[in-house]
Structures are given as C-alpha cells and as structure tokens.
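[1] sequence and predicted structure below; questions after.
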Amino acid sequence: MTVLPDDGLELAAEFPDVSHEQWQRLVAGVLRKSGKDVEGAQAEEALSTALEDGLRTRPLYTAHDTAPTPGLPGFAPFVRGSRAEGNTVGGWDVRQRHTTADGAAILTDLENGVTSLWLAVGEGGIPVASLGGALDGVYLDLAPVVLDAGRDVEPAARELLRLYEERGVAKDVARGNLGADPLGHEARTGQSYDFAQVAGLARLCAEEYPGLRALTVDALPYHEAGGSAAQELGCSLATGVAYLRELTEAGLSVEEACGQLEFRYSATADQFLTIAKLRAARRLWARVAEVCGAPAAGAQVQHAVTSPVMMTRRDPWVNMLRATIATLAAGAGGADSVTVLPFDHALGLPDAFARRISRNTSTILIEESHLARVIDPAGGSWYVERLTDELAQAGWEFFQRIERGGGLADVLRSGQLGQDLADTWQARSAKLAKRREPVTGVSEFPHLAEKPVERRPAPETPSGGLPRVRRDEAYEELRARSDAHLAATGSRPRIFLAALGPAAAHTARLTFASNLFQAGGIEPVTEGTFEDSGATEVCLCSSDALYEEQAATVAAELKAAGASHVSLAGRPGQYPGVDAYVFAGCDAVAVLSATLDRMGVS
C-alpha cells in the first residue's frame, strides 16, 4: 500500500510550474486556428469580455490581481458582510411582495417559508384603510413588515404603528421598515414630498422603536430605467448621503441616522456582477460612514430584489431560472433579505403557483443547497475580489459626479441623471438588438406556438418619472405585431427557409435563421416547396461554398416563382438576386421590423 505524504504537496511538486507567458502562448495557438493572429497580452485580451461602466472580465485571474483587503465579516469595511455570523443562523430573510389586500395569500406565504412582508400601500397598492384587513391573522411580533407607500408614507406608517399598539406588539419587538423614500418616489413619479414628515418618523423610530427603520434607499428606479451596476451604486450612495444630511439637520446623530436606512438593490442573472455589486455597496457605504465620523455605523442593511428588467413576458417560465440564479447571487453576495419576484410578475398579479415557486426558490437555496451556511462564499476569489474593487471604484466615481452636480435631487430634476441612464440603456439596447446579449425564449429559441400565460391585471404602478425598461421590449413589440396579424388572418407571417445541399452544409445556418425570424414572430417554413409554403419571402441557408455555386441561380428561380424578397443567412457577399443578408451580429430588430413592414404586418 502506498502511503501519501501528509501535506499532499509533493504530488504537485512533480509537475513543472507554468508561467503566465506560457499560458498566453497556448491561448495564441488556439486563436490562430480560428483566424486571429495575436500574441502575448493581446491574445489574453482577445478572450476578455467588455462589461458596462468600462469594466472588463478577463479570462484569467491570479494572485497578482490585487484588491484592497476585504476585512472580516461583520467588521469595517463590511465587504464580507454586515454581520460576523452572516446568514448562517437561519438564512436570509425571505421577503415576499404584495400589492393587494389578499389576506389569504399573505398568510399562505407566511405559513410556507416567507419570513417578512413587503407591502405596496396607497396609490397602486393596498389602501391605507385596508392595511389592517390585509394583516388580519398575521403575528406582527414575528413577521417584520416593510411598507412601500410613496406619498402616503405617513398615514400608512401611522396605521401600521396603530396596528402594533392595537394588537399588543411591544415597541421593542416591532420589526420592519416604514419605507419612506422621497427621492426614490420622485425618481419614480417626478413628484416630491416634504421630508419633514419623514424626519418625524425617523425620530420616532430612533427613540421608541429600536427594531423599526423609517427610510428605504431604493436603487431599483435607476436599475429599472436602464442604469448600470455602477450607476445603481452611485445613485444609492447619493440618496443615502442626502438622507443623512436631512436627518442630522433634524436632530439625529450620524449613528442614529445611519440606523434608519435600509438599502434596496437589484439582483440579476449575471451572478458574479450581482455578488460584486452587493459587496462593493457595503464597502462604499462604510466609507461614507467613516467620512461622517461614525465608522461603526457603516454596516449597510441590504434588501435584494430579483430584477424586473430581466423578466420576460414571452416564455415566462424561463424567469424561474433567471430568478434562481439572481437569488443565489443575492445570497452569496450577503444580502440580508431577498425578494424573489414571481415568474409571471411582468404579466399581472401572480397566481398561487407563482408565489409558491417564488418563496420556494429561497427555501431550496437555504435548506437544500446550504448556501447560507457559508459566510461570503465568493470571498477570496481573485476574480470576485478584483471585480468588487473595480465596481466600487466605478460606483464611487458616479457618486462623485452626482455630488458635483449638486446632489441627487438636482441631477434628477435637471434631467442629467435621466440622460445618463438613457445613454447606458441605449448602448445595452444595441447589444440586445444584435443578440449579443441573448434573451432565452425571446431573442433566442422563441416558441411561436406557446400558449399565452394570462393573469389578472396588477394595480397601476405610479409613474411620471424615470422610464421603466425591459430587456424584451423591442422583441415584444415585434411579437405583438405578429399576434395582431394572427388574430386578423388566422396565420402568422411566414418566411420560407431554402436549405441548399446536404444537412451538414445547411443545418447550422438553418437553425440560426429559424431562431432569428421566430424572434420577430415570423414563422419559418422548412418543409415542402416555396410555392406551397404560403410565404412571399425566402432566406437561403447553406455553406459559403454552396452559396458560390448555387445562390444566384436559386435566387433567380425563387423570384421567378413569385418570391418578393430573397435574403441569405451569412456574411454579405456578391450574389446576384440576393436582396439582404442576415448574420450573427446583425441588427436583428431592424431586420425583423423591415421584414414585417414588407409583409404588410403593421
């Protein structure tokens, strides 16, 4: 029997060390086979991925990719978590959102894994007078309540406090957040409200309700307007600083003011970016508290919400997968509470099944995957630590830009913030249109025969401020045109895909073209002849070699048979009779819109 060395390191010692330069040469060799003749650092750069905010994800990270020491969990700068124990005691707080006074649904959630409630109250939500009915049967001493009441924050808060008193909940037992967020409300609606009432609620909480916070710093309006991760961070910092100024002027100490704030961020299906964003947010807020002279009060309390921007209306079942990844990222990033939006969130009021899946997403990750048992599971990763640092720097720069503009209220009212967010979304929209950022079930692998998922309309949400965007919006508009055509004629607009040569020659481009046209609601016909297809347009699909031999002839034959327009799946070339080309990286939205226009689909 062979006895291995105790340290196990002698086995590794038998293999020669590999240098960074050797790795780059191997990468260059692989790239050369694909037609890219680059060497050294350029070879490595060729495998990098550009992110928003000028950041790049590199293919290799090593111990040389230094980042500031993240510290220990529960200690400044709180990168590794606001609490020393992290979420290991019982997992993160599973917070479900409700917009209607459906007491039965609320109780069902609480009885099946939800640990706190996030209630929309007032305009677009539960009437203030109905709050007691909605919470009927809820043990308010056990279930924290977070309000989202917009301009109705004071009457909603007073009603909740009245319910605490009426139901015998001791002041030191009450938990939750009254949800005051004047700047967030203004970003949503374009309307402001007086901070004096907010200051009064904050003083009341600080003096009498130690477990209640009065204010929420909600970064979702900026995320939902198309903002990047760094812009979301910068806006949250600017909001938090503005609230600190107001609260300290109202008589609260810096420590008391910090204790009244809870920060809300989006969690997306980009898991590493979400993890880094939450870690960077804690570091940045710790720096703000330090500068304000209260470093011990810099432990940011975070509420993460799965991104509404990523939720699709077509093939909404895929949203379950997106939300699972986002929830994993929020938990790994150290969020104190997590709201998983139901998969049918974009369609209206969620049904019981959607709410069940929503709450069980967190339960599986906590109870079955044991994700909460590890404090800061991403900590120590060279990639995550470097990304956290780079994102923190970018977020701080955007925060400083807002402060130079006079603060968040001024840049919001001047329109500068809206323009910055719009510019970011425009750049991202170009990637979505070119399918460089794929949306599964929408721009990639759409299902035209899908039966629509229908839900009761949700209450109208307050608007009038920053826009709300979705990744699927351009394709949704195209699909809506196709749906209208189907309703009017009984069939979808069609295109005949003419496959040239054997399957080995045409399968890849046939699949590509089929996905592309279905993304716009155009039904691809691949069987039979053009004459029998009922289509007026054709797309040729094959290899470059067969295009050289057959494209011009086949295009002429198809036009003679009545085809009004012939496109080709592949890079533009010199093929007589071919009117257009579709290829990876083309503006799919523009191509599809023009195709529907030619077909008379309005």
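    Now that the structure is in, tell me what you want to look at. Numbering: from 1, shown residues only.

[2] in which helix or strand does Ala286 reside?
    Assigned by DSSP states H and E, Ala286 belongs to helix 271-291.

[3] any idea which helix or strand comes after the top helix by length along the chain?
    Ranked by number of residues, the top helix in the chain under DSSP state H is helix 382-404. Using DSSP H and E, the next helix or strand after helix 382-404 towards the C-terminus is helix 408-414.

[4] for the helix or strand following that next one, the distance to its chain's centre please.
    For helix 408-414, the following helix or strand on the C-terminal side (DSSP H and E) is helix 416-433. Chain-centre distance of helix 416-433: 15 Å, with CA atoms, centre = their mean, to the nearest Å.

[5] and for stretch 88-106?
    Using CA atoms, centre = their mean, the offset of stretch 88-106 from its chain centre is 20 Å.

[6] for it, which residues meet the burial criterion?
    91-103, 105-106 (16 or more other CB atoms under 10 Å). Bear in mind the C-beta positions are built from the backbone N, C-alpha and C, glycine included.

[7] just want the most central residue of this protein.
    The chain has Thr268 as the residue nearest its centroid, 3.1 Å off, counting by CA atoms, centre = their mean.

[8] the helices in the stretch 201-350 of the chain, which residues?
    220-224, 229-249, 254-258, 271-291, 318-332 (DSSP state H, counting those that start in this stretch).

[9] run a quick neighbour tally on the nearest residue to the residue nearest to the centre of the chain once chain neighbours are set aside.
    Nearest residue to Thr268 in three dimensions, chain neighbours excluded: Ser307, at 4.5 Å (CB to CB, 6 or more residues apart in numbering). Using other CB atoms under 10 Å, Ser307 has 23 neighbouring residues.

[10] what does the one 5 residues further on give?
    Counted by other CB under 10 Å, the residues lying close to Thr312 total 24.

[11] same question, Gly29
    By the criterion of other CB under 10 Å, Gly29 has 10 neighbours.

[12] which element is it on?
    Element membership of Gly29, judged by DSSP H and E, is helix 20-33.

[13] who does that helix touch, helix- and strand-wise?
    If you count contacts as 3 or more CB pairs under 8 Å, 6 or more residues apart in numbering; DSSP states H and E, helix 20-33 packs onto helix 40-46.

[14] now what about stretch 399-417, what contacts it?
    Identification of contacts with stretch 399-417 by CB atoms under 8 Å, 6 or more residues apart in numbering yields 183, 186-187, 192, 222, 233-235, 237-239, 241-242, 284, 418, 466.

[15] the residue nearest to the centre of the chain reaches Met310, doesn't it?
    Yes - counting by CB atoms under 8 Å, Thr268 does reach Met310; the two are 5.7 Å apart.

[16] now for those two: what residues contact both?
    By CB under 8 Å, 6+ apart, the residues touching both Thr268 and Met310 are Ala326.

[17] rewinding a little: do you know which of the helices of the stretch 201-350 of the chain lies nearest Glu207?
    Among those, helix 254-258 comes nearest to Glu207, with 8.9 Å by CB to CB.

[18] quick one: buried residues of the closest one?
    Under the neighbour-count criterion of 16+ other CB under 10 Å, helix 254-258 has 256-258 buried.

[19] put the alpha carbons of that helix into CSV.
    Output of helix 254-258 as CSV, limited to C-alpha atoms (Å, rounded to 0.1, in the frame of the first residue of the first chain):
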residue,chain,number,x,y,z
VAL,A,254,-25.0,60.3,12.5
GLU,A,255,-25.2,56.9,14.1
GLU,A,256,-28.9,57.2,14.6
ALA,A,257,-29.4,58.5,11.0
CYS,A,258,-27.4,55.5,9.6
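
[20] list the helices and strands it packs on?
    Packed against helix 254-258 by the contact rule (3+ CB pairs under 8 Å, 6+ apart) you find helix 196-208, helix 229-249.

[21] 10 Å - rerun?
    If you count contacts as 3 or more CB pairs under 10 Å, 6 or more residues apart in numbering; DSSP states H and E, helix 254-258 packs onto helix 196-208, helix 229-249, helix 271-291.

[22] out of the helices of the stretch 201-350 of the chain, which comes closest to Asp53?
    When those are compared by CB to CB, helix 229-249 sits nearest Asp53, at 4.0 Å.

[23] quick one: mean pLDDT for the closest one?
    Taken as a whole, helix 229-249 has a mean pLDDT of 98.

[24] now the angle from it to helix 196-208?
    Relative orientation of helix 229-249 versus helix 196-208 (axes from the mean of the first three to the mean of the last three CA atoms, to 10 degrees): 80 degrees.

[25] now the angle from helix 229-249 to helix 416-433?
    Angle of helix 229-249 versus helix 416-433, following the same axes, to 10 degrees, is 160 degrees.

[26] my read: the residue nearest to the centre of the chain touches Lys277, true?
    Yes - using CB atoms under 10 Å as the test, Thr268 is close enough to Lys277 to be in contact (8.8 Å).

[27] common neighbours of the two, please.
    Here Thr268 and Lys277 share the contacting residues 229, 329-330, scored by CB atoms under 10 Å, 6 or more residues apart in numbering.

[28] can you add distance to Ala206 and neighbour count and give those back as JSON lines?
    Conversion of the shared contacts of Thr268 and Lys277 to JSON lines gives the following (distance: CB to CB, whole Å; neighbours: other CB atoms under 10 Å):
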{"residue": "Ala229", "distance to Ala206": "32", "neighbour count": "27"}
{"residue": "Ala329", "distance to Ala206": "33", "neighbour count": "26"}
{"residue": "Ala330", "distance to Ala206": "28", "neighbour count": "32"}
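
[29] for the residues you listed, give me CSV that also has distance to Arg509.
    Shown next, in CSV, are the shared contacts of Thr268 and Lys277 (distance: CB to CB, whole Å):
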residue, distance to Arg509
Ala229, 36
Ala329, 35
Ala330, 39
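
[30] can you list the weak-confidence ranges in the protein?
    1-13 (pLDDT under 70).

[31] how near is Ser266 to His345?
    13 Å (CB to CB, to the nearest Å).

[32] go on, Arg413?
    Arg413 is 30 Å from His345, by CB to CB.

[33] the two: which has the busier surroundings?
    His345 (22 against 14).

[34] against Thr69, how distant is that one?
    Distance from His345 to Thr69, counting by CB to CB: 39 Å.

[35] and for Val589?
    46 Å.

[36] ok, these two, which is more surrounded?
    Neighbour tally, Val589 and Thr69, criterion other CB under 10 Å: the higher count belongs to Val589, 21 against 9.
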